[in-house]
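>>> coords please:
(chains A, B, C, D and E)
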Amino acid sequence: RWRGSIYKLLYREFTVFVVLYTVLSAVYRYAEQIPVTFVLGFYVTLVVNRWWNQFVNLPWPDRLMFHISSCVQGKDEYGRLLRRTLVRYVNLTSLLIFRSVSTAVCKRFPTMDHVVEAGFMTPEERKVYENIRSPHLKYWIPLVWFSNLVAKARQEGRIQDSIDLQSILNEMNRFRTWCATLFGYDWVGIPLVYTQVVTLAVYTFFFACLIGRQFLDPTRGYPGHDLDLYVPVFTLLQFFFYAGWLKVAEQLINPFGEDDDDFEANWIIDRNLQVSLLAVDEMHMNLPHMTKDIYWN
Amino acid sequence: RWRGSIYKLLYREFTVFVVLYTVLSAVYRYAEQIPVTFVLGFYVTLVVNRWWNQFVNLPWPDRLMFHISSCVQGKDEYGRLLRRTLVRYVNLTSLLIFRSVSTAVCKRFPTMDHVVEAGFMTPEERKVYENIRSPHLKYWIPLVWFSNLVAKARQEGRIQDSIDLQSILNEMNRFRTWCATLFGYDWVGIPLVYTQVVTLAVYTFFFACLIGRQFLDPTRGYPGHDLDLYVPVFTLLQFFFYAGWLKVAEQLINPFGEDDDDFEANWIIDRNLQVSLLAVDEMHMNLPHMTKDIYWN
Amino acid sequence: RWRGSIYKLLYREFTVFVVLYTVLSAVYRYAEQIPVTFVLGFYVTLVVNRWWNQFVNLPWPDRLMFHISSCVQGKDEYGRLLRRTLVRYVNLTSLLIFRSVSTAVCKRFPTMDHVVEAGFMTPEERKVYENIRSPHLKYWIPLVWFSNLVAKARQEGRIQDSIDLQSILNEMNRFRTWCATLFGYDWVGIPLVYTQVVTLAVYTFFFACLIGRQFLDPTRGYPGHDLDLYVPVFTLLQFFFYAGWLKVAEQLINPFGEDDDDFEANWIIDRNLQVSLLAVDEMHMNLPHMTKDIYWN
Amino acid sequence: RWRGSIYKLLYREFTVFVVLYTVLSAVYRYAEQIPVTFVLGFYVTLVVNRWWNQFVNLPWPDRLMFHISSCVQGKDEYGRLLRRTLVRYVNLTSLLIFRSVSTAVCKRFPTMDHVVEAGFMTPEERKVYENIRSPHLKYWIPLVWFSNLVAKARQEGRIQDSIDLQSILNEMNRFRTWCATLFGYDWVGIPLVYTQVVTLAVYTFFFACLIGRQFLDPTRGYPGHDLDLYVPVFTLLQFFFYAGWLKVAEQLINPFGEDDDDFEANWIIDRNLQVSLLAVDEMHMNLPHMTKDIYWN
Amino acid sequence: RWRGSIYKLLYREFTVFVVLYTVLSAVYRYAEQIPVTFVLGFYVTLVVNRWWNQFVNLPWPDRLMFHISSCVQGKDEYGRLLRRTLVRYVNLTSLLIFRSVSTAVCKRFPTMDHVVEAGFMTPEERKVYENIRSPHLKYWIPLVWFSNLVAKARQEGRIQDSIDLQSILNEMNRFRTWCATLFGYDWVGIPLVYTQVVTLAVYTFFFACLIGRQFLDPTRGYPGHDLDLYVPVFTLLQFFFYAGWLKVAEQLINPFGEDDDDFEANWIIDRNLQVSLLAVDEMHMNLPHMTKDIYWN
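As a prediction, this is how the structure comes out:
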């Protein structure tokens, strides 16, 4: 009898409560869920595009070194010096940019002393470089040297004519644009408020889950509900899912750090110097003997 | 007894009401929510793309100054005057564009007097500039001077041949396209009706929340509901979320204002003038002595 | 008693009906809603992209006029005639395209007589133009004249060499591509069936609302429901929202009409002719005297 | 009494059934609906982009014909033959590509005989063409002839210098890239499995509707439900909506068929041949007399 | 009586349970469903774009072979050797890249011996190639040879002037960029964590379905529910749908494998060598006799 009476007294309120409660809980489960998915979708797409564009704009001196190797003439010492210096200026520019952009490179070359020591700059160049008074970044200085040096080389006949000169200058400008683009991506990031909105949305969503689902799972022991109760499988899955997606973004947002997945800027610097010196010096006009290939006639 | 009878009389209507009410409230909560998320997603993507394109199209004279420094010859006064004037015309063009586009630059250079005072234009140039009768914007005038001046320089032998001339003209046209693109983004914004639809959608959504949730939370004190009742956590989170996203858009829609996050057009103008004059004058054919690098052989 | 009995008889059916009804109404409210939002999102994005691409491809003769002004030599009458004619051919081409594309321009220049009267074409050119038998659009004819005229100018020494000639031809081709792109956007619109699906989806959605919500809002006067009943606030908001979004698309789908927000093709035509004639004639080799700028040394 | 007892016996099960049933039906209505919308949105966007890119890459000889008309000299018969042959090779290339790509063109030119008959190829060229042994597509052959013929024309002095030659070669390569792009779109379509997934998703969705809604609409005659029962308005609307969207995709996926909305490849072929022969032969150096325009001074 | 009493004892709890249960099951059905759809949509779009970009960047030597065929002169043996060697270097470069990128090509050419045997490299070239000490990939070496060989050819008068030389170098650089882009796509894939999140999301979703729907479908035999119970039609459809979409991505993520749908890199290698040798050797200056076409006058 006791049970019957208390039920009689309360069952209407109780029904109302339960209906309201489940509907409400369903509602706010959705409410946060859908925006989080969407905003993550748009945000991750933005981040992935920026990341790939930075990869595409990594400065490789290959195009330029082919031109220098074929159009700056002379196997004598002066010719070699000319080609090596041109290539070194280009590598120096990308090094200066990488120092601003990448923490790993900045650690390896904390001061201009390290840049000189590593052979990217001669001590004399450093003196000239530091005498140029400008309150702004000075990564464009080696390229002014480059463009004047090729002009001088044309006047000395080392570069045959203006066509060759302009090709080299155009490739240099292409290289500069890569550098400037990388710098631009570093300088102007995704608007901070966008990142904050996304991050806070995801974390408050989880906070809401933590609280909301506790309320939903009282110790009354509804049958069939245990699956999610004792081991909150689906909440864990969602946590894994959203946090994973956010991690994708966080990992890609600064691709010049020191993580495993970041672009290895130090390796790029070494590879570029080694390969480009090889191509313009040792391999200049050092052709294998031409013989007939096996499909001749 | 009184309670029993009133319940008996009303419980059917009451149940119907409660069910209908919760379903309805759930419905319109969604109804507004999903479109708001979507339209914000598409709109913010559009705004972010426009914002980044404007950044990419900021006019930098670097490419052009390398060409001028290497291809316009002569260390004498006339040569210096030629190179400085060419570079000044280019900087003048970008200044004229920035005056139309950026409120910060417009404040700094409200009249042509300020432009002349700041050294971007000589008084005589100003007279010629103002004598040209055109009802349209006149930012193209310095570039006509530029193109005629390089043609004159070629005829005087200061620019060696047509190849060098055309390279310089092409880079000038690239610079002009950057300027025109910035101007285009300022001239033709996102269609006003799109911005209005989005803004109104977000604000009416909040208005609906304010009213709708008041109705939903009567003082009857349903248990388990308090969390959202006394401190409307989720409503606040959503407010934070949508308003934050909308703020992202509002902040980016005009990147040439005077906010902290806007592009610093005044800094760009100063940097460009200083750097480009340095590159074409002081640094022209002023090369560091070439010495063998440390990897020689 | 009467009330009690009818309730007893009907309350089961009634409950079933109400539950089913609300669920169903909720369902179809969603059912139509979500697709409408989505399809509008994708459609509007497509339309906005097309609209902006048309803006970006508006034909401006500025790049070309710099080249003509600097590379087609001679201040005598023949030189002036040459430069003015070249520039006129280019403006004529864009006028012919705008006549096909824009209703406003078509109204202003309904026949070739109007084109001749407005000074874009001489009567003799018109005769030659109309003697060329081709069943296809003839906007390419002035450009053939242009390319042959520059070739003639090179042979006469008015254009110094092939480099200058090719630069001018390349810029002309760039201009032509802008014209052809505009024409392409006009010729091949968004597939009609896509526009029809979107428009019909939006309007049938509203029709469904009109009917469905009438059924939902009987005169039984459920409490707490009045807000949406007497003044259908949320239905109105949705109407505003979707119709506004669709209007964005409708306004942008043909940007060459006569609305306030359309591109002012007639203004562009006038501006281009005035500015380009000015640049190649009055301003040709008409340079301000070079003086030292205020930062000299 | 009979009614009362059966109700007493069944009403609990009945309520459970109805609640479960409506919830379930709501659930799977959504379940299929949302993915279909999404996948259609992404798929249609992909298809529309491919379709528009194919339009943008249609090969037009206009750019090339301006260069040929202005840079290949000589009004004598040999000069005319040279220009006509060059232009014919270009048109032949696009015809060979269109034959692989478009069913309409393939029907009109089923064999090489038809190509020769239509005047795109001389009988002798056909012999040379067929003597070249290659297991691969041979649309590049006329372009090898083209490039060798312009080289020959330069050596004979018909093309003045290498600058003109290289401009023509570059435009030819641009033309070739258009052709190759069209061929690429035909060769590598949207991955079949993607199209299958989308098509099957849409059709199984309708199948599910057909069955599911039959179950939902028994003949018990629930009031207020008739609207969707006797005339399944919303199901029909959805059918119209999704099938329409899918039709958009199907119509655009192969734009070179014989439908009304497809690109008229045959018309393009005729137009290109007629216009380009006109431009390089009849109109070569056939300029209208230059007279002063009406704005002179 | 037994039935009545147990029902009286349990029906309230039972109702509460059923309502809660269905709502909950509906909720988590959604919960997982919507994110899966979304994330798949964004992910598949990313994968399809990468896949198409790789197709667009396949290295074809056609543009280059036209230039070599028309600008490297001499029908004697030395001229033939020159052109064949240049073309071979280009094909060698793409082969070296394909060996890094494609498993099928790697199987066919596991060592440099196979490359020499297939005629892409002479034994002497191999010796030079292997003597160049570099810890990095060496695919750029044949291009350094290429650029030096064309420079040599210009000095020997086989290439007429710098214009022709620079055109060839530019086309070579374009070819190199295609190779480097392919290599870049292979080197830097989609971030692994992204792929993992998507794959795990889809598979845990199915796992959740398997478990969740078992709970939902007890053997109590609710009527009207059988459709999905005995043959889980909708679950199967969804499985087909999501797994199909994921398969699209998996198939496209590495387009250089050995599946039927992958790009046939081996065929491309063979086609390119055969066609390009044909174009520069057999077809060099081997023109069909020019005759008047049928539209002459």
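>>> Just the residues contacting stretch A:101-116, thanks.
Under the contact criterion CB atoms under 8 Å, 6 or more residues apart in numbering or on different chains, stretch A:101-116 has outside partners A:92, A:95-96, A:98-100, A:118, A:121-123, A:126, A:129-130, A:182-183, A:186, A:256-258, A:262-266, A:269. For every residue, glycine as well, the C-beta is placed using N, CA and C.
>>> how about a cut-off of 6 Å?
A:98-99, A:121, A:123, A:126, A:182, A:186, A:256-258, A:265-266 (CB atoms under 6 Å, 6 or more residues apart in numbering or on different chains).
>>> Using a markdown table, please lay out those together with distance to residue D:203, neighbour count and pLDDT.
Converted to a markdown table, those look like this (distance: CB to CB, whole Å; neighbours: other CB atoms under 10 Å in any protein chain shown; pLDDT from 0 to 100):
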| residue | distance to residue D:203 | neighbour count | pLDDT |
| --- | --- | --- | --- |
| A:98 | 54 | 26 | 95 |
| A:99 | 59 | 22 | 93 |
| A:121 | 67 | 24 | 93 |
| A:123 | 75 | 11 | 93 |
| A:126 | 71 | 16 | 94 |
| A:182 | 49 | 25 | 94 |
| A:186 | 50 | 15 | 91 |
| A:256 | 49 | 21 | 88 |
| A:257 | 48 | 14 | 81 |
| A:258 | 52 | 13 | 80 |
| A:265 | 51 | 26 | 91 |
| A:266 | 55 | 16 | 93 |
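>>> So residue A:241 sits against residue E:201, correct?
Yes - between residue A:241 and residue E:201 there is a contact under CB atoms under 6 Å: 5.4 Å.
>>> Specify which member of the contacts of stretch A:101-116 is nearest to residue B:81.
Checking the contacts of stretch A:101-116 against residue B:81 with CB to CB, the nearest one is residue A:126 at 31.3 Å.
>>> Run through the stretch 151-297 of chain A and note the low-pLDDT ranges.
For the stretch 151-297 of chain A, the stretches flagged by pLDDT under 70 are A:204-240.
>>> before we move on, back to that, any common contacting residues for residue A:241 and residue E:201?
With CB under 6 Å, 6+ apart, residue A:241 and residue E:201 have no common neighbours.
>>> residues from the stretch 51-200 of chain A in reach of chain B?
A:81, A:84-85, A:88, A:119, A:122, A:124-125, A:128, A:136, A:140, A:143-145, A:147-149, A:151, A:162-163, A:166, A:173, A:188, A:191, A:193-194, A:197 (CB under 6 Å from any CB of the partner chain).
>>> Could I have the buried ones of these as PyMOL selection syntax?
Selection of the buried residues among these in PyMOL, burial being defined by 16 or more other CB atoms under 10 Å in any protein chain shown:
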select buried, chain A and resi 81+84+85+88+119+122+125+128+140+143+144+145+147+148+149+151+162+163+166+173+188+191+193+194+197
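>>> Nearest the geometric middle of chain A, what residue?
residue A:255 (3.1 Å; CA atoms, centre = their mean).
>>> residues touching it, list them.
Residue A:255 is in contact with A:51, A:54, A:262-263, counting by CB under 6 Å, 6+ apart.
>>> that older thread, show me which of the contacts of stretch A:101-116 is closest to residue D:246.
residue A:182 (43.2 Å).
>>> and residue A:170, how many residues sit next to it?
By other CB atoms under 10 Å in any protein chain shown, the residues close to residue A:170 number 20.
>>> now it, nearest residue through space, not along the chain?
residue B:167 (7.4 Å; CB to CB, 6 or more residues apart in numbering or on different chains).
>>> Let me know the closest of the contacts of residue A:255 to chain D.
residue A:51 (21.1 Å; CB to the nearest CB).
>>> burial measure for the closest one, as a count.
Residue A:51 is flanked by 21 other residues according to other CB under 10 Å.
>>> contacting residues for residue A:288?
Residue A:288 touches E:124-125, E:128, counting by CB under 6 Å, 6+ apart.
>>> possible to save those as a markdown table with pLDDT and distance to residue E:75?
As requested, these are exported to a markdown table (pLDDT from 0 to 100; distance: CB to CB, whole Å):
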| residue | pLDDT | distance to residue E:75 |
| --- | --- | --- |
| E:124 | 92 | 25 |
| E:125 | 93 | 25 |
| E:128 | 93 | 28 |
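>>> ranges for the helices of the stretch 101-250 of chain A?
Applying DSSP state H, counting those that start in this stretch to the stretch 101-250 of chain A gives helices spanning A:103-108, A:112-117, A:123-131, A:141-155, A:162-187, A:192-216, A:226-230, A:233-253.
>>> Need the winner for burial among those.
helix A:141-155 (a mean of 23; mean count of other CB atoms under 10 Å in any protein chain shown).
>>> same for that helix, what does it pack against?
Counting contacts by 3 or more CB pairs under 6 Å, 6 or more residues apart in numbering or on different chains; DSSP states H and E, helix A:141-155 is packed against helix A:77-101, helix A:162-187, helix B:62-71.
>>> how about the ones you listed in a markdown table, adding distance to residue E:63?
What follows is those, written out as a markdown table (distance: least, CB to CB, whole Å):
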| stretch | distance to residue E:63 |
| --- | --- |
| helix A:77-101 | 26 |
| helix A:162-187 | 17 |
| helix B:62-71 | 26 |
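>>> Close to chain E: what parts of the stretch 51-200 of chain A are there?
Within the stretch 51-200 of chain A, the positions adjacent to chain E are A:55, A:62-63, A:66, A:69-70, A:161, A:163-164, A:167 by CB under 6 Å from any CB.
>>> quick check, nearest of these to chain D?
Nearest member of those to chain D, counting by CB to the nearest CB, is residue A:163, at 9.1 Å.
>>> I'd like the distance between the nearest residue to the closest one once chain neighbours are set aside and residue E:284.
Closest residue to residue A:163 apart from its sequence neighbours, by CB to CB, 6+ apart: residue E:162 at 3.7 Å. Separation of residue E:162 from residue E:284 (CB to CB, to the nearest Å) stands at 22 Å.
>>> Having no further points to raise, I will conclude here.
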